[in-house]
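Q: here's my sequence, what's the structure:
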Amino acid sequence: MISASDRQLAVSLIQEAIDAGARERLACKELGLTQRTLQRWRQNGVREDGRPHAKRPKPAHKLSEDEEQQILDVIHQPEFQSLPPSQIVPALADEGTYIASESSFYRVMHKHKQQQHRGRSKKRTAKPLTSHRATAPNQVWMWDITWLPGPVKGLFFYLYLVLDLYSRKIVGWEIWEEESAEHASQLIRRTVLSE
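A: Numbering: from 1, shown residues only. This next block holds a predicted model:
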């Protein structure tokens, strides 16, 4: 959001550019504004942005406290306590019951801090990121297979490429008409012998 002082500065800079012969559209573009925004600031006067302090009415279809409690009661039932809302809502629909949408279930669960691990399934465990570090050449190699377009549409060749992580040197490569583990193992063997 742009403060009132910055808005006033932008209006004066654009007016100065126009007085010097520039086009209004291009002057606005330089500051990242639209001409409509400039017109609104000139017409209504430059003032603070009213969005943060605006009074917004509550939606007419907002869930009541009773409806929220009904959702909480449902997710705590033994048959639903280990299921996510993406499975609870369809199960209720199969029974001919509709309480709220799946997103409303998630919203209510989030509001009441019920979105953590639920039920008998395993808790999520944090796994360390795998990373490889090379401090000299030929300690760590990376390899990949890339499709190369052929002379005819729909025909591809496969580039098998081995890179050294430290130096980014291409230590081995071959092009084949098919993708196979046998070709990859041959390339690795040849690369090891050559390096």
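
Q: packing partners of the helix or strand where residue 28 lies?
A: For residue 28, the host element (DSSP states H and E) is helix 24-31. The contact analysis (3 or more Cβ pairs under 8 Å, 6 or more residues apart in numbering; DSSP states H and E) places helix 24-31 against helix 4-19, helix 35-44. C-beta here means a position set from N, CA and C on the backbone, and glycine is covered the same way.

Q: so it versus helix 4-19, what angle?
A: Interaxial angle, helix 24-31 versus helix 4-19 (axes from the mean of the first three to the mean of the last three Cα atoms, to 10 degrees): 140 degrees.

Q: buried set for helix 24-31?
A: 27-28, 31 (16 or more other Cβ atoms under 10 Å).

Q: thinking again about what came up before, can I get the helices and strands packed on helix 24-31 in a markdown table including distance to residue 163?
A: Shown next, in a markdown table, are these (distance: least, Cβ to Cβ, whole Å):
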| stretch | distance to residue 163 |
| --- | --- |
| helix 4-19 | 48 |
| helix 35-44 | 49 |
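
Q: the helix holding residue 28 - what's its average pLDDT?
A: The average pLDDT for helix 24-31 rounds to 91.

Q: what do you get for stretch 41-57?
A: 82.

Q: if I look at the nearest residue to residue 27 once chain neighbours are set aside, how far off is residue 2?
A: Sequence neighbours aside, residue 17 is the residue nearest to residue 27 in space, at 4.1 Å (criterion: Cβ to Cβ, 6 or more residues apart in numbering). Applying Cβ to Cβ, to the nearest Å, the value for residue 17 to residue 2 is 18 Å.

Q: how about the contacts made by residue 165?
A: 132, 134, 139-142 (Cβ atoms under 8 Å, 6 or more residues apart in numbering).

Q: for the residue lying closest to residue 183 once chain neighbours are set aside, which residues make a bridge with it?
A: The shortest distance from residue 183 to any non-neighbouring residue, by Cβ to Cβ, 6+ apart, is to residue 176 (4.9 Å). Beta bridges link residue 176 to residue 158 when assigned by DSSP bridges.
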